[in-house]
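S.K.: I would like to see how this sequence folds:
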Amino acid sequence: MPFRPDALPAELLDLLRRADALESCSEGFRSRFRVSSLGQRLFLHSAYPTSSEDAVFFGPDTYRYAALIENELPGLGPKRRIVDVGAGTGAGGIVAAKLCSGARLTLTDVNQAALRLARINAAFAGVEAELVEGEGLDRVDGPIDLILANPPYIMDEKGRAYRDGGNMHGARLSFDWALEAARRLAPGGHMVLYTGVSIIDGEDELRAALARDLPGLGCSLRYRELDPDVFGEELEKPPYRDVERIAAVAAVITRN
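M.R.: Modelled structure (predicted):
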């Protein structure tokens, strides 16, 4: 919401300006960020509309992702090293770190704006986190006990990094990260993947590809559909002309 400069105390307005948290508009200023709650925690993220190249998204997928982590982690055993790939606001990694006391947390992203907000969100949550700028696990060393990911999965005509999942009808990034994780997990380690898939003629291309390739990497797969119909408005766009629906799915990959 726009606001006039005199709506805030001068000291607060000065702090927001110094933090590059404001943009000018005809009514005065508008915040570049929003604050959303997830359980008892608060997270900074980009203000609506999230249309810029470096937008940091927080929405329904974030809540489903966090719920998946909370449901799965108690059954996966103790974890000493956690990496949240493409962490965005850091919500997934922060939720996991709170469930795994003493674990070392690494948050990765290609987006410097995301890493900035993830650092702030982690500090506010009282979680110590290592921040790594880069794609996938390229700049993360050593074996990993738990890998978390909520990759972009939309076929975005503008190719925006926070939305575009690549080919395979938007599932390519999810598939690539899953195979990369399978190669990097410590024995007995797990990956918890939340993503979306295009369903075509009743088939899920990502599920079939993971079931085909993971056994050769010494990994098993549990896979289920979480929501049968998300981002329905995308189906009206040309890239989705042959898609029946977009489903939110969960994959848990275990290194045997």
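
S.K.: in the sheet, who's paired with the nearest residue to Arg222 once chain neighbours are set aside?
M.R.: Spatially, and ignoring its direct neighbours in sequence, Arg222 is nearest to Val252 (4.4 Å; CB to CB, 6 or more residues apart in numbering). Backbone N, C-alpha and C define where each C-beta goes, glycine included. Beta bridges link Val252 to Val192, Arg222, judged by DSSP bridges.

S.K.: Look up how far Glu180 lies from Val252.
M.R.: Val252 sits 16 Å away from Glu180, going by CB to CB, to the nearest Å.

S.K.: again, but for Leu173
M.R.: The spacing between Leu173 and Glu180, counted by CB to CB, is 10 Å.

S.K.: Of the two, give the one with the bigger neighbour count.
M.R.: Leu173 (23 against 18; other CB atoms under 10 Å).

S.K.: That one looks like it's in a helix, true?
M.R.: Yes. Checked against DSSP: H, G, I helix; E, B strand; the rest coil, Leu173 lies within a helix.

S.K.: That one reaches Ala149, doesn't it?
M.R.: No. At 9.0 Å, Leu173 does not count as touching Ala149 under the criterion of CB atoms under 8 Å.

S.K.: any idea which element Tyr65 lies in?
M.R.: helix 60-72 (DSSP states H and E).

S.K.: in that helix, what counts as buried?
M.R.: For helix 60-72, burial by neighbour count (16 or more other CB atoms under 10 Å) applies to Asp61, Thr62, Arg64, Tyr65, Ala66, Ala67, Leu68, Ile69, Glu72.

S.K.: Stretch 226-245 now?
M.R.: Going by neighbour count (16+ other CB under 10 Å), the buried part of stretch 226-245 is Leu226, Val230, Phe231, Glu234, Tyr240, Val243, Arg245.

S.K.: list the contacts for the fourth one?
M.R.: What that stands for is Glu234. The contact partners of Glu234, by CB atoms under 8 Å, 6 or more residues apart in numbering, come to Ile154, Met155, Tyr240, Ile246.

S.K.: Tell me the secondary structure of Pro49, please.
M.R.: Per three-state DSSP, Pro49 ends up coil.

S.K.: Local confidence estimate at it?
M.R.: If you check Pro49, the pLDDT there is 76.

S.K.: List phi and psi for it.
M.R.: phi -80, psi 140 (degrees, to the nearest 10).

S.K.: Likewise for Leu16?
M.R.: phi -70, psi -40.

S.K.: Roughly how far does it sit from Gln40?
M.R.: 25 Å.

S.K.: In terms of neighbours, single out the busier of the two.
M.R.: Set side by side, Leu16 and Gln40 show more neighbours around Leu16, with 16 against 6, by other CB under 10 Å.

S.K.: Apart from its chain neighbours, what residue comes closest to the more buried one?
M.R.: Distances taken as CB to CB, 6+ apart place Leu22 nearest to Leu16, at 5.1 Å, with adjacent residues excluded.
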